[in-house]
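S.K.: Generate a structure from the sequence data that follows.
(chains A and B)
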Amino acid sequence: MYSMIDERYSPEKVESRWQEYWENNNIFRASEDQSKNKYYLLEMFPYPSGKIHMGHVRNYTIGDVVARYKRMNGYNVLHPMGWDAFGMPAENAAIDNKTHPAAWTYENIRTMQGQLKRMGFSYDWEREVTTCTPEYYRWEQWLFLKMLEKDMVYRKESYVNWCEHCQTVLANEQVESDMCWRCGEMVQQKKLWQWFFRITNYADDLLVHCDKLPGWPEKVTVMQKNWIGKSTGSELSFQIEGKDEYIKVFTTRPDTLFGATFMCLAPEHPLVESLSKGTEQEIMVAAFVDKISKQERSSSAIESYEKEGVFVGAWCINPANGRRMPIYTANFALMEYGTGAVMSVPAHDQRDFDFAKKYNLDIIVVIQPKSATADANQSNSINSDSIPAIAILDPATMTEACPEPGILVNSGKYNGMDNVQAMDEITNWLESEGLGKKTVSFRLRDWGISRQRYWGTPIPVIHCESCGVVPVPESDLPITLPEDAHLLDNGGSPLPTLEFFKQATCPKCGRTDARRDTDTMDTFVESSWYFIRYCSPHCTTGMFDMEAVKYWMPVDQYIGGVEHAILHLLYSRYFMRVLNTLGLIDFKEPFTNLLTQGMVSKETLKCPEHGYIFPEEAQFADGKAACRKCGKNVEIGRVIKMSKSKKNVIDPNDLLNKYGADITRLFCLFAAPPEKGLEWNDDGVEGCYRFINRVWRLVATCIEMTKNSVEVNGETTGKSRSQDKIFKPYTGPLSEISDSEAKKLYTKAHQTIKKVTEDIEGSFHFNTAISAVMELVNTMYSIDLTPNSSDEMKTVTLFSIKNVILLLSPIVPHFAEEVWELMGLSVRCQSADSADVKNSDSIQKLGTITEQPWPTYREDALVTDEILVVIQINGKLRSKFSIGADSSDELIQTTALADEIVKKHIEGKPIKKIIVVRKKLVNIVI
RNA sequence: GCCUGGGUGGCGGAACUGGUAGACGCAAGGGACUUAAAAUCCCUCGGAGCAUAGCUCUGUACGAGUUCAAUUCUCGUCCCAGGUACCA
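M.R.: This next block holds a predicted model:
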């Protein structure tokens, strides 16, 4: 029967067959089983943008390999998948294609689910969650009401990007160099009443726990810490000249108070208008505030604007020295941070220095850096490891601010004090005067969740003229998104135009002219708790079933793009804290271990006529590209992460059609370690196909060489005639093998098991794991394996090939199942001869490869007899030699010194030093 | 701008805790097999030089430094990517 094995591996024949087998036998269905250790493995669910692209394929392949690996290690694995189905692209598509966001979304889900199934991922599809269904978002509305009850949500006025021409709100992405992407009109800022989650209440807790997430990459926790941005400092009050009013500032440098020479207020600061009123600056200030109010408010935009400001026509008094300080309004002072006011110390802050130079404001030095004072005293000293020798700071000659620590000057009674000490002393003094206190400030802002969009979760409140904001009664949930709505051509939400939706009866007073909130929630809200919904996706009595959550949560391993390092991950952490505070769960951190994969990227292509185009819509020739539709030259843009909106995506279908799922999976993993970014290029895929075929032929060879009997787990399988020898994989000690070639192979096989296990367990470095298996396969190819090989070689070969298949099985599961069966190792091929299998127990034991235990290695089989030692002379490699593995350092040193090449290099020169690195290297210094 | 990463042959990448730079694979070139092609197998493959079975120099973005020894540690510079709160 085995001579019937095909010459080449044919994925199209094999893959669908095994996918059906897994599905029909519910192999990946997860249920709470208290007797087993659970393992919740989660990949970030996708936004259903159309088709999956290589970024998804890579992410989900990594996850699937881990899921299958953990299953083989005996865990009860939960591996769910779903859809982050609300979002802006559905609205844009609806406008462009004259369809409905729901129709577009569900169609995409269908397509993408088909693609994922074709990849052979081991999801429990019974648990599929789709966030745009009322069954899902009703619980989000429910939670919103709970949060409202507990004052965890509030309303305030806040700005949005506004296009006057389209009469609509724009996302930051829809603003292209200050203009509306649809019509090109200059974008303005508009103030709207919006809902905010009080995430800042948890700022400290979120920050502190960043250091209690050992399973997270440090770069992610560092980014989150910086994002939260806790700074300790002081809040100081400056009296406005001639008034009994004070300006409060937050500063991290109270030690520089005596050097504060002017004050900057955010343009939206209420004092800006009131102070300038009636002064000759009034018009200038109003014009400036108006100009700033129209500018984009994203922090990258704000930082890119030139720092500028306008005098508001009033002064305040420096509480330290009574100095008159002009008050400015400046574009770099942010209302959202601190108190919206900044005391400016130009001598010691670069931004203030630049501002002072620009507007010709006073600069007073109040700290002399220690290095400068020391250098000044010993004029010729060269201080090699510090700042270039500075003379004593002089405002007249300074070219930049000096933020260095040092000794206070020009600071009255604090002169001569160390500046760090002065921070406390000056704050304490002002506190005693009632003008200051120590405080902390966070960069983190409350989470604005109101969106003036259609395709999102409706916010469950009603606005009543008599009662104000009234929560929708729980019994009225869900507030479903009306489906008979058409997107407006300008991109605006149709909800405010739908009278039947908007009209509501006030639950409190019964007024019938109340109106429903027509805003929807930020889609980050859905993705902040979907992972907990997976535990009990069909629960109708609450967000989740407590028992199921107790069993499965937290997520043991979360895998997704590093792009989500801050927002999504921080919001999810915040949401668990909310649920915890509400008493719904007993933990705070959702994800124990996190793997952030690097972005799969590709250059963008932009046609002057058709805008962004897909790679297949361009014709490439000598480094240039032309649009296939209009023939015009296409602008080849930067290499950026794949995204549907920029159309720089590669659909895996071509690869799947040509090579199948396994080769595609193998290639994605072999290309680079997961955390590294990947500029897409499929040049190496052919090599992966070759490798799989090498294994395929090796399997055929092994079957041929051992004929038709193999024993697994003590059970003989396959047909054996009495005259046949029965070969089974050798698993005994290395020392009992006499054939030196078999010995080497046995060692290599055990080393490979160790290497692959460690690469997966330690860092998910599948690329090196695959390399290791390739090496083992190469070793096997270097041996002449025939039916005439020694019995010893046959059993060692069987051990090796069995482990090649097991080690590869999480990566190329269809292929592995197939060859496992061909080798007579799976229960499936037993069905015809079930009499061979003595009892149902052994069926259980055999199973298919998916149910096999992960292989283990023998320590005794890892060691080799000889080691290679390299000889360096003055750090340069000159020679090397092999020596017994148990040789002493002394023996290694004398062997090295006796080396002919070494002798030639030394030529009687005196040896200054010899360094011997254990069993590795000798460095002779002459 | 700011925060976080990254930069190694023609290409993707490897190198444990500072100890042989280039594992594994792709591409390329040469050869074997074949009527031919595909497939497969074997050999070469960072650069330069020389007295070419080999040897020497040089090389991990760039410039310094620490060390017997640096892709790895320190400082500085350049470039690229991710995020920057309404893309998800």
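S.K.: all contacts plus neighbour counts: C-alpha atoms, from now on.
M.R.: Will do.
S.K.: low-confidence ranges in chain A?
M.R.: Chain A contains residues with pLDDT under 70 at A:1-5, A:371-391, A:707-725, A:826-846.
S.K.: The stretch 1-150 of chain A against RNA strand B: which residues are in contact?
M.R.: Proximity of the stretch 1-150 of chain A to RNA strand B (Cα under 7 Å from any atom of the strand) is limited to residues A:P46, A:Y47, A:D84, A:A85, A:F86, A:G87, A:M88, A:P89.
S.K.: Strands of the stretch 801-926 of chain A, residue ranges please.
M.R.: A:866-873, A:876-884, A:913-917, A:921-925 (DSSP state E, counting those that start in this stretch).
S.K.: so of the residues of the stretch 1-150 of chain A next to RNA strand B, which ones are in helices?
M.R.: Under the assignment DSSP state H, those contribute A:M88, A:P89 to helices.
S.K.: any idea where the helices of the stretch 451-600 of chain A begin and end?
M.R.: Secondary structure of the stretch 451-600 of chain A (DSSP state H, counting those that start in this stretch): helices located at A:499-502, A:530-533, A:546-552, A:567-581.
S.K.: can you tell which of those helices is closest to RNA strand B?
M.R.: Ranking the helices of the stretch 451-600 of chain A by proximity to RNA strand B (Cα to the nearest atom of the strand) places helix A:567-581 first, at 6.0 Å.
S.K.: Check what contacts that closest one and list those residues.
M.R.: A:147, A:199, A:202, A:206, A:224, A:524-525, A:527-529, A:585-590 (Cα atoms under 8 Å, 6 or more residues apart in numbering).
S.K.: Can you say which of these are buried?
M.R.: A:147, A:199, A:206, A:224, A:524-525, A:527-529, A:585, A:588-590 (16 or more other Cα atoms under 10 Å).
S.K.: Let's have the residues of the stretch 1-150 of chain A next to RNA strand B in CSV, adding neighbour count.
M.R.: Below are these laid out as CSV (neighbours: other Cα atoms under 10 Å):
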residue, neighbour count
A:P46, 17
A:Y47, 19
A:D84, 22
A:A85, 28
A:F86, 27
A:G87, 23
A:M88, 18
A:P89, 18
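S.K.: for the residues of the stretch 1-150 of chain A next to RNA strand B, which one is nearest A:K909?
M.R.: The closest of these to A:K909 turns out to be A:P46 (Cα to Cα; 67.9 Å).
S.K.: List the contacts of that closest one.
M.R.: Contacts of A:P46 (Cα under 8 Å, 6+ apart): A:H56, A:G82, A:W83, A:D84.
S.K.: Run a quick neighbour tally on the closest residue to RNA strand B within the stretch 801-926 of chain A.
M.R.: Distances between the stretch 801-926 of chain A and RNA strand B by Cα to the nearest atom of the strand are smallest at A:G875, namely 4.1 Å. By other Cα atoms under 10 Å, 11 other residues sit near A:G875.
S.K.: same deal with A:F442?
M.R.: Number of residues near A:F442 (other Cα under 10 Å) recorded here: 18.
S.K.: if I look at the closest residue to it other than its chain neighbours, how far off is RNA strand B?
M.R.: What sits nearest to A:F442 in space, not counting adjacent residues and going by Cα to Cα, 6 or more residues apart in numbering, is A:K230, at 4.5 Å. A:K230 sits 11 Å away from RNA strand B, taking Cα to the nearest atom of the strand, to the nearest Å as the criterion.
S.K.: Give me the phi and psi angles of the residue nearest to A:Y337 when sequence neighbours are not counted.
M.R.: Distances taken as Cα to Cα, 6+ apart place A:R443 nearest to A:Y337, at 6.3 Å, with adjacent residues excluded. Dihedral pair for A:R443: phi -80, psi -30, per degrees, to the nearest 10.
S.K.: check contacts around A:R443.
M.R.: Per Cα under 8 Å, 6+ apart, neighbours of A:R443: A:W227, A:I228, A:G229, A:K230, A:Y337.
S.K.: which of these tops the neighbour count?
M.R.: In terms of neighbours by other Cα under 10 Å, the contacts of A:R443 top out with A:I228 at 21 neighbours.
S.K.: Now do the same contact list for that residue.
M.R.: So A:I228 contacts A:A203, A:L207, A:F442, A:R443, A:L444 (Cα under 8 Å, 6+ apart).
S.K.: Using neighbour counts, pick out the buried residues of the longest helix belonging to chain A.
M.R.: If you go by DSSP H, chain A has its longest helix at helix A:740-763. Judged by neighbour count (16+ other Cα under 10 Å), helix A:740-763 contains these buried residues: A:742-757, A:759-760.
S.K.: cool, stretch A:861-874 as well?
M.R.: Neighbour-count burial for stretch A:861-874, with 16+ other Cα under 10 Å as criterion, is recorded at A:A861, A:L862, A:V863, A:I867, A:V869, A:V870, A:I871, A:Q872, A:I873.
S.K.: export those residues to JSON lines and tack on distance to RNA strand B?
M.R.: JSON lines is the format used below for the buried residues of stretch A:861-874 (distance: Cα to the nearest atom of the strand, whole Å):
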{"residue": "A:A861", "distance to RNA strand B": "18"}
{"residue": "A:L862", "distance to RNA strand B": "14"}
{"residue": "A:V863", "distance to RNA strand B": "14"}
{"residue": "A:I867", "distance to RNA strand B": "8"}
{"residue": "A:V869", "distance to RNA strand B": "7"}
{"residue": "A:V870", "distance to RNA strand B": "6"}
{"residue": "A:I871", "distance to RNA strand B": "8"}
{"residue": "A:Q872", "distance to RNA strand B": "7"}
{"residue": "A:I873", "distance to RNA strand B": "8"}
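S.K.: Looking at those residues, which is nearest A:F799?
M.R.: A:A861 (12.8 Å).
S.K.: How about whichever residue of the stretch 451-600 of chain A sits closest to RNA strand B, nearest residue that isn't a chain neighbour?
M.R.: Residue nearest to RNA strand B within the stretch 451-600 of chain A: A:E563 (3.2 Å; Cα to the nearest atom of the strand). Leaving out its chain neighbours, the residue that sits closest to A:E563 by Cα to Cα, 6+ apart is A:M599, at 7.7 Å.
S.K.: quick one, what contacts the one you found?
M.R.: A:M599 sits next to A:G55, A:G561, A:V562, A:E563, A:K641, A:M642, A:K676, A:G677, A:L678 when contact means Cα under 8 Å, 6+ apart.
S.K.: if we can go back for a sec, go back to the contacts of A:I228 and keep what's next to RNA strand B.
M.R.: A:R443, A:L444.
S.K.: Just give me the closest of the contacts of A:I228 to RNA strand B.
M.R.: A:L444 (3.6 Å).
S.K.: Distance of the residue nearest to that closest one when sequence neighbours are not counted relative to A:K438?
M.R.: Sequence neighbours aside, A:I228 is the residue nearest to A:L444 in space, at 4.6 Å (criterion: Cα to Cα, 6+ apart). Going from A:I228 to A:K438 by Cα to Cα, to the nearest Å gives 19 Å.
S.K.: Please work out which residue of the stretch 251-400 of chain A is closest to RNA strand B.
M.R.: A:S298 (3.1 Å).
S.K.: Can you report phi and psi for that residue?
M.R.: phi -70, psi 150.
S.K.: Please apply the same query to the one 3 residues further on.
M.R.: According to degrees, to the nearest 10, the main-chain angles of A:A301 amount to phi -70, psi -50.
S.K.: Good, we can wrap up now.
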